[in-house]
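K.L.:
Fold the following.
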Amino acid sequence: MARTPIIVGNWKMHCDHLAAIQLVQQLSYRLDPKDYDTSELVVAPPFTALRSIQTLIQGDDLPLGLGAQNVFWESEGAFTGEVSPAMLAALHVAYVICGHSERRAMFGEDNQDVGRKVRAVLAHNMRPILCVGETLEQREAGQANDVVVRQLNGGLEGVQAAQMGDVVIAYEPVWAIGTGRTALPQDADEMCGIIRGHVGDVYDAAIAGDLRVQYGGSVKPANIASLMDCAHVDGALVGGASLDPDDFATICRWHRL
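P.N.:
Purely as a prediction, here's the structure:
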């Protein structure tokens with residue numbers, strides 16, 4: 001079964017709801033139906049812009065998916081400042097980023113927390129984008145594979161085989177996020193292959209073969225084509241470049257480069 005590439009723009013803590021609307025409109029002007037046919041395209045604005053972007057996507061009938069950058073694992077309760085999966089599902093959010101390296105490093109999320117989020121997203125009929133990746137120190141110490149496998153095991157704990165078709169894995173080497181450094185295509189492909197192989201060991205070869213594995217880490221127009229040429233890379237989780245409609249449109253049009 002052919003894997004449909006998925007390109008996700010993670011806007012992080014940028015754009016109020018008005019700027020978000022403008023950004024999506026500018027992006028939509030730069031894309032044509034062939035771009036949407038080639039890849040699944042998703043934007044993940046901040047929580048405060050989700051409703052505005054949902055309304056824009058539905059009102060203008062844009063073939064864009066709506067993503068969220070984070071979630072809490074409980075459906076409701078006394079959790080000040082958190083956003084539940086039920087709230088996201090009510091906004092027709094399709095994808096939720098779980099365990100981004102910034103959440104792990106800055107906010108103390110561990111593999112158990114990430115696993116809870118992944119299961120909660122699936123329970124509310126949304127699709128998790130499970131982020132995994134090693135730091136520079138871990139890579140230089142030869143620990144990259146072990147770190148990524150531990151993150152996979154924690155993030156996928158309790159996920160049933162029948163649910164794996166809704167899971168996307170994003171390999172994001174921490175040393176390449178927001179630094180301008182990008183993993184060489186062969187390095188990205190090797191780790192994405194290790195991820196696919198581990199999923200095959202835990203589940204089965206068919207599930208691993210259908211799994212979509214993204215690369216994330218300073219993705220930009222200059223390197224997207226070479227990354228997408230990799231056998232095990234099925235898309236990109238794009239940070240800073242997704243805030244520029246020209247750059248992000250070029251990335252979404254990787255098949256033309």
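K.L.:
which residues of the stretch 151-257 of the chain fall in strands?
P.N.:
Per DSSP state E, counting those that start in this stretch, the stretch 151-257 of the chain has strands spanning 168-171, 212-216, 235-238. These are given in chain order.
K.L.:
can you give me the offset of the first one from its chain's centre?
P.N.:
Pointing back at strand 168-171 there. On the basis of C-alpha atoms, centre = their mean, to the nearest Å, strand 168-171 sits 6 Å off its chain's mean C-alpha point.
K.L.:
and for it, what are the contacting residues?
P.N.:
Identification of contacts with strand 168-171 by C-beta atoms under 8 Å, 6 or more residues apart in numbering yields 6, 8, 95, 97, 127-133, 148, 152, 188, 191-192, 195, 199, 211-216, 235, 237. C-betas here are computed from N, CA, C, even on glycine.
K.L.:
Partner strands of it and their direction?
P.N.:
When sheet partners are counted by DSSP bridges, strand 168-171 sits next to strand 127-132 (parallel), strand 212-216 (parallel).
K.L.:
Now for this protein, the helix or strand with the poorest mean pLDDT.
P.N.:
In the chain, no helix or strand scores lower on mean pLDDT, DSSP states H and E than helix 136-140, which sits at a mean of 90.
K.L.:
Okay, buried residues for that helix please.
P.N.:
Neighbour counts over helix 136-140 (16 or more other C-beta atoms under 10 Å) mark Gln138, Arg139 as buried.
K.L.:
number of nearby residues for the closest residue to Ala208 other than its chain neighbours?
P.N.:
Nearest in space to Ala208, with sequence neighbours left out and distances taken as C-beta to C-beta, 6 or more residues apart in numbering, is Gly200 at 3.3 Å. Burial of Gly200 is recorded as 15 neighbouring residues (other C-beta atoms under 10 Å).
K.L.:
Let me know the distance separating Gly200 from Met164.
P.N.:
Per C-beta to C-beta, to the nearest Å, Gly200 is found 11 Å from Met164.
K.L.:
can you check Thr182 too?
P.N.:
28 Å.
K.L.:
Give the buried residues for stretch 70-90.
P.N.:
Of the residues in stretch 70-90, those buried (16+ other C-beta under 10 Å) are Asn70, Val71, Phe72, Trp73, Val83, Ser84, Pro85, Met87, Leu88, Ala89.
K.L.:
Let's have these in JSON lines, adding secondary structure and distance to Phe47.
P.N.:
Compiled in JSON lines, the buried residues of stretch 70-90 are given as follows (DSSP: H, G, I helix; E, B strand; the rest coil; distance: C-beta to C-beta, whole Å):
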{"residue": "Asn70", "secondary structure": "coil", "distance to Phe47": "8"}
{"residue": "Val71", "secondary structure": "coil", "distance to Phe47": "10"}
{"residue": "Phe72", "secondary structure": "coil", "distance to Phe47": "11"}
{"residue": "Trp73", "secondary structure": "coil", "distance to Phe47": "16"}
{"residue": "Val83", "secondary structure": "coil", "distance to Phe47": "6"}
{"residue": "Ser84", "secondary structure": "coil", "distance to Phe47": "11"}
{"residue": "Pro85", "secondary structure": "helix", "distance to Phe47": "13"}
{"residue": "Met87", "secondary structure": "helix", "distance to Phe47": "9"}
{"residue": "Leu88", "secondary structure": "helix", "distance to Phe47": "9"}
{"residue": "Ala89", "secondary structure": "helix", "distance to Phe47": "14"}
